[in-house]
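J.: give me the fold of what follows.
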Amino acid sequence: MTEELLSRAERFKKGKALRHETPRESLADLQSNAERDPIAILAESDPFRVAKLLPVRYARMMENPFAFLRGAAAVMAFDLAQEPKVGIPVQACGDCHVMNFGAFVTPEENILFDINDFDETLPGVDFTVDLKRLAASAAVAALASRASKKTAQALAAAAVESYRRHMFKLAALSPLEIWHSQIALEDEIEHIKDRLLRKHLSNIVARVRGTEDEDDNFPHLAKDGRIKDKPPLIYHLDPDVDAQDELDTKAVFDVYRQRLAPERAVLYDRYELKDLAFKVVGVGSVGTFCAIGLFVSGDGEPMFLQVKEALHSALERLSPDLAWPGHQGERVVVGQRMMQAASDLFLGWTEDPKTHRQFYIRRLKNRRLGSVSELVEGDALADYVRICGRTLARAHARTGDPAMIAGYAGKSEALDAALAAFAMAYADRTVADHLRLVEAKTEGGTKPVKQAAE
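T.: Modelled structure (predicted):
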């Protein structure tokens with residue numbers, strides 16, 4: 001028998017009551033043990049990555065503490081497992097840092113601001129897990145860009161405040177209204193105070209409206225019609241050297257096609273696979289198998305699909321009860337559809353019967369937000385983290401209980417202050433962890449490098 005549905009007022013009251021069990025102030029403390037070995041935690045996934053790319057992964061993470069944080073979702077999940085939880089579950093992003101947001105074009109040609117990658121997504125996770133990672137990333141990004149500690153803490157608080165205020169607005173809406181709510185990028189630009197960020201986001205809109213080959217990070221075509229190699233980021237695998245990383249391309253795409261909804265399979269069938277190249281992806285994903293498939297229509301129009309390996313979510317470290325029992329690619333696809341306002345038409349999952357790798361597939365979009373250091377100039381990061389906070393609230397409200405979250409968060413700044421204090425404590429820990437990585441890997445011959453475009 002279905003459980004009786006409660007009203008918004010009743011759910012708000014339940015959320016407020018949770019403050020007695022987990023006071024908001026208790027979220028300020030960093031209680032996990034700082035003596036755990038972050039290098040060992042990171043190394044646990046090394047056997048599942050392309051071996052020759054491991055130095056690239058660690059070199060990127062050594063660049064600065066923010067780069068370390070981006071690649072260390074597993075380390076933060078290990079720490080958060082020991083922190084107090086409120087008891088309001090959501091579908092979590094899992095890697096909710098300030099650079100995991102971007103501009104997207106919906107099938108209806110609307111430009112939205114939304115979460116980008118969902119490699120670590122998992123259902124049933126306490127809402128504070130994503131919110132703490134977002135707040136910590138705001139603080140670490142600010143400090144890495146030489147902002148003061150006071151500014152860094154204010155930015156972390158701003159991200160949480162924006163989340164909290166938007167959750168109150170969403171809590172007043174019907175479930176359907178919440179599901180259809182969006183963060184329209186062009187509307188956001190009108191309310192941004194910082195001139196540089198307004199210009200930056202306006203340029204993104206212009207690029208999205210323009211042609212895909214304007215971004216140098218996007219794959220280009222060579223004269224022979226294949227994907228143009230751009231080492232070390234995009235290149236074709238050498239059968240003699242990279243045999244262990246080869247893909248049974250036909251089997252992978254056949255299984256993917258079978259799982260597409262019929263109307264999307266019809267669209268997919270109007271393209272033919274012409275080429276496949278390896279692509280080195282973001283900090284946390286470096287070394288996982290990622291390829292770009294070039295598909296061409298009968299009239300020669302290109303489309304790129306990204307085939308990305310899905311490993312177990314780092315958030316499974318929070319509790320044995322959260323272990324995903326099925327296909328990891330399906331986990332990512334389901335989580336993305338749950339959290340994004342409008343998901344990719346070509347989003348799907350598959351596996352390679354030869355290597356048993358599990359993948360998700362999506363259309364490769366032409367987008368790039370730029371570096372955090374660019375956003376910090378002119379206090380742009382303050383406006384930016386507020387958009388991120390609102391976006392996360394919208395994503396959580398779709399799968400969690402916005403009235404309960406609003407009831408717990410309250411109208412005061414208690415939650416903002418608590419999570420900002422946590423963010424600063426975690427920023428200090430991240431700096432120390434980053435230093436440990438630099439010392440360990442420098443001794444082993446790895447050198448930090450400037451972050452490459454993704």
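J.: wait, what's in contact with the spatially closest residue to Leu53 that is not a sequence neighbour?
T.: Spatial nearest neighbour of Leu53, excluding adjacent residues (Cβ to Cβ, 6 or more residues apart in numbering): Gly287 at 4.2 Å. Using the backbone N, CA and C atoms, a C-beta is placed for each residue, glycine as well. Residues near Gly287 by Cβ atoms under 8 Å, 6 or more residues apart in numbering: Asp46, Arg49, Val50, Ala51, Leu53, Leu54, Val56, Arg57.
J.: now, the most widely separated pair of those residues?
T.: The span of the contacts of Gly287, defined through Cβ to Cβ, is set by Asp46 and Val56 at 12.4 Å.
J.: so Asp229 touches Leu237, yeah?
T.: No: assessed by Cβ atoms under 8 Å, Asp229 is found out of contact with Leu237, at 10.8 Å.
J.: tell me the residues that contact both of these two, please.
T.: Residues touching both Asp229 and Leu237 (Cβ under 8 Å, 6+ apart): Ala277.
J.: which residues of the stretch 351-454 of the chain fall in helices?
T.: For the stretch 351-454 of the chain, the helices defined by DSSP state H, counting those that start in this stretch cover 372-376, 380-399, 402-409, 414-443.
J.: orientation of the second one relative to helix 402-409 in degrees?
T.: So that's helix 380-399. With axes from the mean of the first three to the mean of the last three Cα atoms, to 10 degrees defining the directions, helix 380-399 sits at 130 degrees from helix 402-409.
J.: how about the longest one?
T.: Here the directions of helix 414-443 and helix 402-409 differ by 90 degrees (the same axes, to 10 degrees).
J.: and Val296, what helix or strand is that in?
T.: According to DSSP states H and E, Val296 maps onto strand 290-297.
J.: pull the distance from that strand to the chain's centre.
T.: 22 Å (Cα atoms, centre = their mean, to the nearest Å).
J.: for the protein, what helix or strand is lowest in average pLDDT?
T.: The least trusted helix or strand in the chain, going by mean pLDDT, DSSP states H and E, turns out to be helix 372-376, with a mean of 61.
J.: okay, now the unreliable bits of the stretch 301-450 of the chain?
T.: 366-379, 443-450 (pLDDT under 70).
J.: can you do 90?
T.: 342-343, 354-355, 364-381, 441-450 (pLDDT under 90).
J.: and the contacts of Gly287, which of them are in strands?
T.: Taking DSSP state E, every one of those sits outside strands.
J.: any chance of those in TSV, plus pLDDT, distance to Asp224 and neighbour count?
T.: TSV is the format used below for the contacts of Gly287 (pLDDT from 0 to 100; distance: Cβ to Cβ, whole Å; neighbours: other Cβ atoms under 10 Å):
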residue	pLDDT	distance to Asp224	neighbour count
Asp46	93	36	12
Arg49	89	31	17
Val50	86	26	20
Ala51	86	30	11
Leu53	89	26	19
Leu54	91	32	17
Val56	90	28	19
Arg57	93	31	24
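J.: give me the pLDDT value at His20.
T.: pLDDT recorded at His20 is 98.
J.: excluding sequence neighbours, find me the nearest residue to the residue nearest in space to the middle of the chain.
T.: With distances taken as Cα atoms, centre = their mean, the residue of the chain nearest its centroid is Asp117 (3.6 Å). In this structure, Asp117 finds its nearest non-sequential neighbour in Asn100, 5.6 Å apart by Cβ to Cβ, 6+ apart.
J.: how far away is that neighbour from His396?
T.: Asn100 sits 15 Å away from His396, going by Cβ to Cβ, to the nearest Å.
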